[in-house]
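Q: fold the following and give me the result.
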Amino acid sequence: MQVQGFLLLLALILLAATAEAGKNKKEKVKKDGSECEDWRWGPCVPNSKDCGLGYREGTCKDESKKLKCKIPCNWKKKFGADCKYKFESWGGCSPQTGVKTRSGVLKKALYNAQCEEIVYVTKPCSAKIKSKSKGQSPTLPS
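A: Numbers count the residues shown, from 1 in each chain. Alright, predicted model coming up:
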């Protein structure tokens, strides 16, 4: 009987501690949160150079906030880090221009970024000629 009473008391203590922890979390969210729902966010501005850690500013009515953000250093700066695209495979090499092209369709615009629906990228054609006979040894004349 004493063991059951001890377990019941332990369960009540744990329940009270959990409820108190949840209450503190809710209060914290209300303190930091905002009643404004129509936030307008600017682009991510790196702290130095053109990539890496930085911040973005947001405004809503009379309020303003800064959020930490990051621009990957290998990102296509032309599109902005807040525009995510789904790209096709590379097209064939154009002999006139020496470049190949592919297009990307907008997949997601983060923080209400102004993004183009379709973008085109180019890169120089490879100078290497890929052979299809990898792993095969040449036959020697007898």
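Q: in the chain, which spans are helices?
A: Secondary structure of the chain by DSSP state H: the helices cover 2-32.
Q: got the domain ranges for it?
A: Here the domain parsing of the chain from the TED database is 36-72, 74-127.
Q: can you show me the strands along the protein?
A: 40-41, 45-46, 52-60, 63-71, 83-87, 99-109, 118-124 (DSSP state E).
Q: how about the domains of the chain, which one is nearest Gln2?
A: Closest to Gln2 of these is domain 36-72 (CB to CB; 53.6 Å). Every residue, glycine included, has its C-beta placed from N, CA and C.
Q: so which of the strands of the chain is nearest Cys93?
A: strand 99-109 (5.0 Å).
Q: just list what that closest one packs against, helices and strands only.
A: Contact here means 3 or more CB pairs under 8 Å, 6 or more residues apart in numbering; DSSP states H and E; on that basis strand 99-109 packs against strand 83-87, strand 118-124.
Q: now tabulate the ones you listed in a markdown table and tack on distance to Glu63 and mean pLDDT.
A: Below are the helices and strands packed on strand 99-109 laid out as a markdown table (distance: least, CB to CB, whole Å; pLDDT from 0 to 100):
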| stretch | distance to Glu63 | mean pLDDT |
| --- | --- | --- |
| strand 83-87 | 26 | 90 |
| strand 118-124 | 33 | 91 |
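Q: indicate which one of those strands is closest to Gly104.
A: strand 83-87 (3.3 Å).
Q: now do the nearest residue to Trp41 once chain neighbours are set aside against Glu57, distance only.
A: Among residues not flanking Trp41 along the chain, Tyr111 sits closest, at 3.7 Å (CB to CB, 6 or more residues apart in numbering). The gap separating Tyr111 from Glu57 is 11 Å, by CB to CB, to the nearest Å.
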